[in-house]
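Participant: just a sequence and a predicted model for now, questions to come.
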4 protein chains.
Amino acid sequence: MISFNCDYNEGAHPEILRRLMQTNLEQEPGYGDDKFTISAKEKIRQAIQCPQADITFLVGGTQTNATVIDAVLPHYGAVVATETGHIAAHESGAVEHAGHKVITIPAHEGKMLAADLRKYLSDFYADSTWPHMANPGMVYISFPTEYGTIYTEQELAGIHSVCQEYEMPLFVDGARLGYGLASPAADIDLPTLARLCDVFYIGGTKVGALCGEAVVFPRGNAPRNFFTIVKQHGALLAKGRLLGIQFDTLFTDNLYMRISHNAIDLAMKLQAIFREKAIPFFIESPTNQQFPILTTEQMKRLEGKVSFEIWQRLDDGRAVTRFATSWATSEENIKALQKLL
Amino acid sequence: MISFNCDYNEGAHPEILRRLMQTNLEQEPGYGDDKFTISAKEKIRQAIQCPQADITFLVGGTQTNATVIDAVLPHYGAVVATETGHIAAHESGAVEHAGHKVITIPAHEGKMLAADLRKYLSDFYADSTWPHMANPGMVYISFPTEYGTIYTEQELAGIHSVCQEYEMPLFVDGARLGYGLASPAADIDLPTLARLCDVFYIGGTKVGALCGEAVVFPRGNAPRNFFTIVKQHGALLAKGRLLGIQFDTLFTDNLYMRISHNAIDLAMKLQAIFREKAIPFFIESPTNQQFPILTTEQMKRLEGKVSFEIWQRLDDGRAVTRFATSWATSEENIKALQKLL
Amino acid sequence: MISFNCDYNEGAHPEILRRLMQTNLEQEPGYGDDKFTISAKEKIRQAIQCPQADITFLVGGTQTNATVIDAVLPHYGAVVATETGHIAAHESGAVEHAGHKVITIPAHEGKMLAADLRKYLSDFYADSTWPHMANPGMVYISFPTEYGTIYTEQELAGIHSVCQEYEMPLFVDGARLGYGLASPAADIDLPTLARLCDVFYIGGTKVGALCGEAVVFPRGNAPRNFFTIVKQHGALLAKGRLLGIQFDTLFTDNLYMRISHNAIDLAMKLQAIFREKAIPFFIESPTNQQFPILTTEQMKRLEGKVSFEIWQRLDDGRAVTRFATSWATSEENIKALQKLL
Amino acid sequence: MISFNCDYNEGAHPEILRRLMQTNLEQEPGYGDDKFTISAKEKIRQAIQCPQADITFLVGGTQTNATVIDAVLPHYGAVVATETGHIAAHESGAVEHAGHKVITIPAHEGKMLAADLRKYLSDFYADSTWPHMANPGMVYISFPTEYGTIYTEQELAGIHSVCQEYEMPLFVDGARLGYGLASPAADIDLPTLARLCDVFYIGGTKVGALCGEAVVFPRGNAPRNFFTIVKQHGALLAKGRLLGIQFDTLFTDNLYMRISHNAIDLAMKLQAIFREKAIPFFIESPTNQQFPILTTEQMKRLEGKVSFEIWQRLDDGRAVTRFATSWATSEENIKALQKLL
């Protein structure tokens, strides 16, 4: 059985395991004061060209979203996201658990439009009863989105500009950041992203690590006592080295982008295979998640041999499916799928 | 430099890394549905002799304490701990962040006495204004305590009995559980602990794992939708296999207890060395943390060669220190310390 | 200047002030143990024909919604409301502040349809990833709704039936309950309402009181230690007598319904006046809030003489407005408006 | 039966009821935009000699404490109080419910000492693990304290000075402020208090009002969007006029201080009566709460005729009791008590 279900079905990139083994018995202090963490931070600062960046390694995505949002927002504030945004739909109420409303505005193939954001904010403050409503205090988007789509530099700059006008930090969820940046459709890189937002994270869990997300405040703008906030959210790892070693490895010799490119190359091959078979797509995704619409017969042919996600069942019996590639996907598996279809 | 600072200065037991490597490219589902996690749970159920136990793997200690307390308490309830309890003193307000007061009662060498607990509860309900005060809804202790001391079966049974009388679940923080159970002073084992409390966790982070704590509801008594609660607390790991593989390894061939015994054996040697030198102890600890009171001269002799924690500075210039052994401590390091003292 | 802006522009019904004066220096215990509160509860139990009802007096609407929702939901649960529901749009994030997501489903003239609720719940549990999403734990509707519309007995029974099927309590916000029940369109009364939901409140602030809302758990089903929960939410009044006297007065000689009828009678006259002038309505409201669509000229004619709310500006220059009557509205004011239009 | 149980056993000062009646049918906007509230704020600004003060009227004490603390603290911060502080002991966990730990330091007859506060803070930051502990972000004291004692100007200045040194706002709970300032032992007045803290409240509920507490940020230093924060805490009254009229009345012709003096004069008479009978006091209170230690026989003599609070039962059968006077206490009742003793 070959799984295309998601991008976290395997362990870690072998180089990460090698480094964990190699350093295993070196004694280092806990909580991120170890030399691996210090080195990883420095390498990320170079990769994003932000020598002043505050960088903190957290463990997982939901945790990172909830912690960053709670840290950045005034405690009575709300976060603005699209209707299909991950924090709006799939975080089990973690953001609300920390006390913050998620205000939703329309999504366009998963993306937020600067114009929609401006309209929402302008309408909000035009209504004199706004102090009776949850106050928008920051904006959340993800890169890529839930539908695998990505923002262009211009789109991102547009959203950031509205955020600055309203003095709201812009937070970019980069759980799959590598797969977005490696996309042939991407016209931004890490330094550009860092310039066009106020906080973002570089996803490790879905891009080669066992676990770990690197939260970046690019201009040294981490909230005061962010360390305590992280601990209060249960997001501080005693053996910080586990995260430090992984990100140090991912940011050595450009490994993070190299393995992201593998996922994208194979996703493009996957796309081509589906197109060959005249299989339509639910959405044109330029990243590692592909959403072909399969017939019952096509799905039957894969049964027991290839697994994938059912995204949405259509009335005509067909289904929108999701096939995800990752750093670990092999050419062999792609070819095996091709044969079966 | 040899570090006795804590029990999380190294990586993981080599066998764990070996298993991680060996299984690395096997595709398994996320969020704890992988075969390693399923196997690990089964092995723990056998080790604690509770076939009905609900077991969930979380990532770290603060997170586990905050999640379990929030899950078990009624949302308006408070948790009772000793003044020196970890959640009262060292959790950065994580329990309160989730909305719960930590009510403190006296500590005796770090331990809670059943009699103190009963007196507190009996006084509480005798005061007719109790509905105006935070309502105690559960009890928290740790095994071993912050001072390395442990409860006897009788003491634990006494506390549990008070808890049952007042219908309050008893939660045992076992961040260092192995080191408590392996102590020569311990008269309980895992099945006994499981019988004498309502929820506990088996600490991995400090006992050989890279990260991970196994939360156990011994009688299948996990709160409804505990999975969602865990996710809401940011404590759900996408690659659940990372925790599953580690605990599966720790509970294969009794590894968890075997490596715990190593720590205790060496802690006892450490204790003997200090005694030999007529160095007094702040507290008689039968577990892996030892608290010798060192003179300035003694500390100077170790400077730059052996590191440890300063627990408390005394007025006469001496200091209560903490030396911790662990699964990773070697005889060589103990001998090196002996020579330096 | 005559105000039709809202139903809380005046003080209290004169009979309430008379009772406050009359009883002012009688010494009574605090926190709701006074004889007035006890009597008021008994009168409400009779009015709703629920001798077992648990009744608690809180101070205001937002507070009541936030407290009841937090008390009734499991702490990790979410509340389902319509998109236009008061808690979704106008409570400043108070529900989320207590940790709960407000899940929204479509509104039909402000109302929730049982069919929409069933579809949402059935889709929710059909999605195997539901434990990753906020779990719906209760349903919130208001009677009347934000648009002045009301549920028929059949509609209410339909929603309640879905709630029971999914074991979710149904909460009815009755901030303007009297104005709903007094409507000529209403086919339910207080006992029927009490039978068709699990908790509701009888609004005092907008129906003749200075402040106060009576929370009713009709079948003695208040959450355990609800008193402490209320206090924890800052909703416990030291001088509970202030609420007790007011509700005791409102439920003596049917005063609550009598003054509600005054508001409705005058609202119907208002409606007739607008119709006479061929002024269209945004929505057909059978209660004390009317939503005529006025031209700029019509609004100009009222300027400086009659005030009202602008609900929404239309593209053609007209505006949806809101005119509210109340227990305090006089025939004279209605006539004055008629002349001006 | 005469009650000395507390200072909220009666309704409101008659002048307040008179004003409520007189203004009852005047139409005024809600939420504190009414003319009475505006006037009341202005009168308080004059009384405290702070023309820039931000003033907000809330409903009750627990609510005010929880709202102010949550508004002033960083969301991850903790509040420092004495062990006997009202928020530490008697607020049902309301402060923790909003996410904040209450850190306690010793109390001296209910009071905090600047020296204790400095020592706590200095020790806290001397411990390098402080970021792992709840961070103190503000200081809470009450005037008078739970034991009726009051701070001198020097003591208050000392505490404020430590607060400024550590950049922590000082919050003074003035639920019984009038009774403190009217004490013969008081060497401060309202302007002095306003100068020596960062936020305080002027208690209405216990000093002549039906309900209401006036929160004062003396230097225009209310947190941004405090209005929304207040609403989010369920503390915004729709009919703000109810609070406005009451405080406008209390601050007209010095009524607030005049009725406070009545309570103090009678408390001093009460004290003299107990002393005459050689009845000892648990604590020397210079305010409206007196704590005589009564024998069983003395208590029996009062049974059924005079009621009071049992503060604490002593081992010898005697009891520390609390007798409270208020704005409503009459000379007759004092004389009646004198005869019975």
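Facilitator: Here it is on my side, so go on.

Participant: for chain A, just list every one of the strands.
Facilitator: Ranges of strands within chain A are A:2-3, A:54-58, A:77-82, A:102-105, A:135-142, A:170-173, A:199-203, A:213-217, A:289-290, A:293-294, A:306-307, A:309-313, A:319-324, based on DSSP state E.

Participant: and the residue of the stretch 101-250 of chain A found nearest chain B, how many neighbours does it have?
Facilitator: Here the stretch 101-250 of chain A gets closest to chain B at one residue, A:Gly234, 2.9 Å apart by Cβ to the nearest Cβ. In short, each C-beta sits where N, CA and C put it, glycine included. Neighbourhood size, A:Gly234 [other Cβ atoms under 10 Å in any protein chain shown]: 28.

Participant: contact partners for it?
Facilitator: Counting by Cβ atoms under 8 Å, 6 or more residues apart in numbering or on different chains, A:Gly234 touches A:63, B:59-60, B:62-64, B:66-67, B:94, B:233-235.

Participant: quick check: A:Lys111 touching A:Thr82?
Facilitator: Yes - A:Lys111 is within contact range of A:Thr82, at 7.1 Å (criterion: Cβ atoms under 8 Å).

Participant: which ones are touching A:Ala12?
Facilitator: A:Ala12 touches A:208-210, A:246, B:20, B:24, counting by Cβ under 8 Å, 6+ apart.

Participant: return the closest of those with respect to chain D.
Facilitator: A:Gln246 (23.1 Å).

Participant: which of the contacts of A:Ala12 sits closest to D:Glu155?
Facilitator: Closest to D:Glu155 out of those is A:Gln246 (54.1 Å), distances taken as Cβ to Cβ.

Participant: what residues does the residue nearest to the closest one when sequence neighbours are not counted make contact with?
Facilitator: Of all residues beyond its chain neighbours, the one nearest A:Gln246 is A:Ala209 (4.4 Å), with distances taken as Cβ to Cβ, 6 or more residues apart in numbering or on different chains. Going by Cβ under 8 Å, 6+ apart, A:Ala209 touches A:12-13, A:16, A:246-247, A:250.

Participant: distance of the residue of chain A positioned farthest from its centre relative to C:Phe323?
Facilitator: Farthest-out residue of chain A from its mean C-alpha position, per Cα atoms, centre = their mean: A:Ser128, at 36.4 Å. Computed as Cβ to Cβ, to the nearest Å, the A:Ser128 to C:Phe323 distance reads 18 Å.

Participant: now do the contacts for the residue in the stretch 1-150 of chain A positioned nearest to chain B.
Facilitator: Among all residues of the stretch 1-150 of chain A, A:Gln63 sits closest to chain B, at 2.9 Å; criterion: Cβ to the nearest Cβ. Counting by Cβ under 8 Å, 6+ apart, A:Gln63 makes contact with A:94, A:213, A:233-235, B:234-235.

Participant: just name the closest of those to chain D, please.
Facilitator: Out of these, the member with the shortest distance to chain D (by Cβ to the nearest Cβ) is A:His233, at 9.0 Å.

Participant: skipping adjacent residues, who's closest to that closest one in space?
Facilitator: A:Thr67 (4.2 Å).

Participant: centre of the chain to the lengthiest helix in chain A, how far?
Facilitator: Using DSSP state H to define each element, chain A has its longest helix at helix A:255-276. Chain-centre distance of helix A:255-276: 17 Å, with Cα atoms, centre = their mean, to the nearest Å.

Participant: near the residue of the stretch 1-150 of chain A found nearest chain D, how many other residues are there?
Facilitator: Nearest residue of the stretch 1-150 of chain A to chain D (Cβ to the nearest Cβ) works out as A:His75 at 3.6 Å. Counted with other Cβ under 10 Å, the neighbours of A:His75 add up to 23.

Participant: and A:Lys277, by the same measure?
Facilitator: Neighbours of A:Lys277 (other Cβ under 10 Å): 12.

Participant: hmm, back to that, just the buried residues of the longest helix of chain A, please?
Facilitator: Buried residues in helix A:255-276, counted by 16 or more other Cβ atoms under 10 Å in any protein chain shown: A:255-257, A:259-271, A:273-274.

Participant: all helices for the stretch 51-200 of chain A, in order.
Facilitator: Per DSSP state H, counting those that start in this stretch, the stretch 51-200 of chain A carries helices over the ranges A:61-72, A:86-89, A:94-97, A:114-126, A:153-165, A:177-181, A:190-195.

Participant: surely A:Tyr8 touches B:Leu237?
Facilitator: No - contact between A:Tyr8 and B:Leu237 fails when scored by Cβ under 8 Å: they sit 9.6 Å apart.

Participant: the longest helix of chain A vs chain B: in contact?
Facilitator: No - using Cβ under 8 Å from any Cβ of the partner chain, helix A:255-276 never reaches chain B; the gap is at least 13.6 Å.

Participant: quick one, that helix and strand A:213-217 angle?
Facilitator: Counting by axes from the mean of the first three to the mean of the last three Cα atoms, to 10 degrees, helix A:255-276 lies at 110 degrees to strand A:213-217.

Participant: need the contact partners of helix A:255-276.
Facilitator: In contact with helix A:255-276 (Cβ under 8 Å, 6+ apart) are residues A:4, A:7, A:13, A:15, A:47, A:178-179, A:181-184, A:202, A:207-208, A:249-250, A:281, A:285, A:287-290, A:292, A:323, A:325-327, A:329, A:331, A:334, A:337-338, A:341.

Participant: mind listing what A:Pro292 touches?
Facilitator: A:274, A:279-282, A:320-321, A:323.

Participant: now, which of these sits nearest C:Asp54?
Facilitator: A:Val320 (48.2 Å).

Participant: who touches that closest one in this structure?
Facilitator: Here A:Val320 is in contact with A:282, A:291-293, A:310-314 (Cβ under 8 Å, 6+ apart).

Participant: sort out which of these are buried, if you could.
Facilitator: Buried, going by 16+ other Cβ under 10 Å: A:282, A:291-293, A:311, out of the contacts of A:Val320.

Participant: out of the contacts of A:Gln63, which are inside helices?
Facilitator: Using DSSP H, these in helices are A:Ala94.

Participant: which of the contacts of A:Gln63 ranks first by neighbour count?
Facilitator: A:Glu213 (31 neighbours).

Participant: may I have the beta-bridge partners of that one?
Facilitator: Counting by DSSP bridges, A:Glu213 is bridged to A:Leu58, A:Gly203.

Participant: list the contacts of it.
Facilitator: Residues A:57-61, A:63-64, A:174-175, A:201-205 are the ones in contact with A:Glu213 under the rule Cβ under 8 Å, 6+ apart.

Participant: against A:Asp34, how distant is it?
Facilitator: 18 Å.

Participant: again, but for A:Gln312
Facilitator: Distance from A:Gln312 to A:Asp34, by Cβ to Cβ: 45 Å.

Participant: what do you get for A:Ala324?
Facilitator: 32 Å.

Participant: try A:Met133
Facilitator: For A:Met133, the distance to A:Asp34 equals 45 Å [Cβ to Cβ].

Participant: looking at those two, which one has more neighbours?
Facilitator: For the pair A:Met133 and A:Asp34, the greater number of neighbours falls to A:Asp34 (23 against 19), based on other Cβ under 10 Å.

Participant: who's in contact with the residue nearest to the more buried one when sequence neighbours are not counted?
Facilitator: Nearest residue to A:Asp34, sequence neighbours excluded (Cβ to Cβ, 6+ apart): A:Glu28, at 3.6 Å. By Cβ under 8 Å, 6+ apart, the contact set of A:Glu28 is A:34-36, A:241, B:9.
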